[in-house]
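Participant: Quick one: sequence and predicted model below, then my questions.
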Amino acid sequence: MSCRAELIATNAVLDWLTENSRYLVKDRDEVRICTDSQAAIKTLERGPSKQKTTIPNIIWSKLKDLSVTIKLHFTIQWVPSHCGLLGNEMADVLAKEAAAIDQAEAPIDQATSPHL
């Protein structure tokens, strides 16, 4: 899976957390986002001020908002792909299904669009 796709998925997780924050235990919850994309992790590791594309900037903004408003602690962790981790295997299945549908809703930025 591409780095961009993993970042879009991370952004979707943060949207879900924002929309469902009322179910989280404030000041106590830790959120661990797992990805098999080392490139996505390296992109985010650069920090909020060193991002070159839109999606990582949005992710950093949402991480900050959720950390401040709900006091969540975030960890983004690499997991090996296709090694039998149930959650990661399910994510791969869902990603393949998602790749087959219209992608009109996915945000595009100048750095990743060949048409701009």
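Facilitator: Looks like it arrived, so ask away. Numbers count the residues shown, from 1 in each chain.

Participant: To what extent is Arg46 buried, counted in neighbours?
Facilitator: 12 (other Cβ atoms under 10 Å). For every residue, glycine as well, the C-beta is placed using N, CA and C.

Participant: before we move on, what about the one 4 residues further on?
Facilitator: Residue crowding around Lys50 was assessed by other Cβ under 10 Å; the count is 11.

Participant: Would you mind measuring from it to Trp78?
Facilitator: Remark: distance between Lys50 and Trp78 (Cβ to Cβ, to the nearest Å) = 19 Å.

Participant: my guess is Lys52 is in a helix, correct?
Facilitator: No. Read with DSSP: H, G, I helix; E, B strand; the rest coil, Lys52 is coil and lies in no helix.

Participant: buried ones in the lowest-mean-pLDDT helix or strand in the chain?
Facilitator: Within the chain, no helix or strand scores below helix 86-99, which has a mean of 74 by mean pLDDT, DSSP states H and E. Buried positions in helix 86-99, judged by neighbour count with 16 or more other Cβ atoms under 10 Å: 88, 91.

Participant: Over to stretch 11-22?
Facilitator: Buried residues in stretch 11-22, counting neighbours by 16+ other Cβ under 10 Å, are found at 11, 14, 17.

Participant: Not counting that stretch itself, show me its contacts.
Facilitator: Identification of contacts with stretch 11-22 by Cβ atoms under 8 Å, 6 or more residues apart in numbering yields 24, 31, 33, 55, 58-59, 62-63, 65-66, 69-70, 72.

Participant: Sweet, I'm off.
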